[in-house]
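Peer 1: Pasting the sequence and the predicted coordinates here, then a few questions.
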Amino acid sequence: MIIAIDGPAGVGKSTVAKLLATRLGYLYLDTGALYRAIAWKALQSGIRPPDIGQVLKLLPTTSIHMQFLHGAMQVLVDGIDVTGELRTPEVTVAASMVSALPAVREWLLPIQRQIGQQGSVVAEGRDIGTTVFPSAPYKFFLDADADVRVARRHRELVAAGRGETIETTSRDLSSRDQRDRTRSVAPLTPAVDARSIDTSTLSPAQVVEEMLAVVSIRQ
């Protein structure tokens, strides 16, 4: 069983996906962590992601593996657990650039699908329902008002110890949206059979309840 959740940053995808996976007893798959893993290795190798050629040269010698320990996802790069190092500002910016590279997306596709074969999964990202698991029986696309998304993202950054201004957050989010929606391969867009949910005025628990109602009805 695959439940696909897509949407831009700041709509609550990760929180909702984790809650839904817990409620259903499914594995939680954050596909964005895979792009962060490649970005992490590039930075560790002294490569800046705008250097497309050097990033692509890393792929043949890179091993990325996801494992689940007590339901929690761990990301291993070349056998090293880097889970705790994937959310730094530097990796976040680099991952946004890495994810726009068609060759990287193609290289990661079989890895993502293999993870989906490990059991029932709630997978979240930006092309889950359109590209990674197009046959998933349940697909959701989350969105929210731009100002709400910026405010949410800014709160997350402040909680993580990053003191950037809300103006900077807004600019970064806008740039990320532009890259995600206009990239040549697997752009951010709802699957034709996805159920869209506006999370602007909903709590994560309310979004999960709406999803569970859909799953229950269709089962």
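Peer 2: Structure received.
Peer 1: which residues are in contact with the top helix by length along the chain?
Peer 2: In the chain, assigned by DSSP state H, the helix with the most residues is helix 166-182. The contact list for helix 166-182 (C-beta atoms under 8 Å, 6 or more residues apart in numbering) reads 8-10, 93, 96-97, 99-100, 126, 149-151, 153-154, 157, 187-189. (Glycine included, C-beta is placed from N, CA and C.)
Peer 1: Helices of this protein, start to end?
Peer 2: 13-24, 32-44, 52-58, 89-98, 102-115, 146-159, 166-182, 204-218.
Peer 1: most packed of those?
Peer 2: Comparing the helices of the chain by mean neighbour count (mean count of other C-beta atoms under 10 Å), helix 32-44 comes out on top with a mean of 23.
Peer 1: tell me the angle of that helix relative to helix 13-24?
Peer 2: Relative orientation of helix 32-44 versus helix 13-24 (axes from the mean of the first three to the mean of the last three C-alpha atoms, to 10 degrees): 130 degrees.
Peer 1: before we move on, back to that, could you check the angle the longest helix of the chain makes with helix 89-98?
Peer 2: Angle, helix 166-182 to helix 89-98, by the same axes, to 10 degrees: 30 degrees.
Peer 1: could you give the mean pLDDT of helix 166-182?
Peer 2: Mean pLDDT, computed over helix 166-182, is 90.
Peer 1: chain center to that helix, what's the gap?
Peer 2: 15 Å (C-alpha atoms, centre = their mean, to the nearest Å).
Peer 1: got the angle between it and helix 146-159?
Peer 2: Helix 166-182 runs at 120 degrees relative to helix 146-159, counting by the same axes, to 10 degrees.
Peer 1: Convert the C-alpha atoms of helix 166-182 to CSV, please.
Peer 2: Taking Å, rounded to 0.1, in the frame of the first residue of the first chain, the C-alpha atoms of helix 166-182 are listed here in CSV:
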residue,chain,number,x,y,z
ILE,A,166,10.8,36.6,7.5
GLU,A,167,11.7,38.5,4.3
THR,A,168,14.6,36.2,3.7
THR,A,169,12.4,33.2,4.3
SER,A,170,9.8,34.5,1.8
ARG,A,171,12.5,35.1,-0.9
ASP,A,172,14.0,31.7,-0.4
LEU,A,173,10.6,30.0,-0.5
SER,A,174,9.7,31.8,-3.7
SER,A,175,12.9,30.8,-5.3
ARG,A,176,12.4,27.2,-4.3
ASP,A,177,8.9,27.2,-5.7
GLN,A,178,10.1,28.6,-9.0
ARG,A,179,12.7,25.8,-9.3
ASP,A,180,10.3,23.1,-8.3
ARG,A,181,7.5,24.1,-10.6
THR,A,182,9.6,24.9,-13.7
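Peer 1: related to what we said a few turns ago, same list (the helices of the chain) but as TSV, adding distance to His65.
Peer 2: Below are the helices of the chain laid out as TSV (distance: least, C-beta to C-beta, whole Å):
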stretch	distance to His65
helix 13-24	19
helix 32-44	9
helix 52-58	16
helix 89-98	18
helix 102-115	8
helix 146-159	27
helix 166-182	25
helix 204-218	29
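Peer 1: In space, what's closest to Ala151 - neighbours in sequence excluded?
Peer 2: Ile166 (7.4 Å; C-beta to C-beta, 6 or more residues apart in numbering).
Peer 1: how much space between that neighbour and Ala9?
Peer 2: 14 Å (C-beta to C-beta, to the nearest Å).
Peer 1: Same check on Val121?
Peer 2: Distance of Val121 to Ala9, computed by C-beta to C-beta: 21 Å.
Peer 1: Nothing else from me, thank you.
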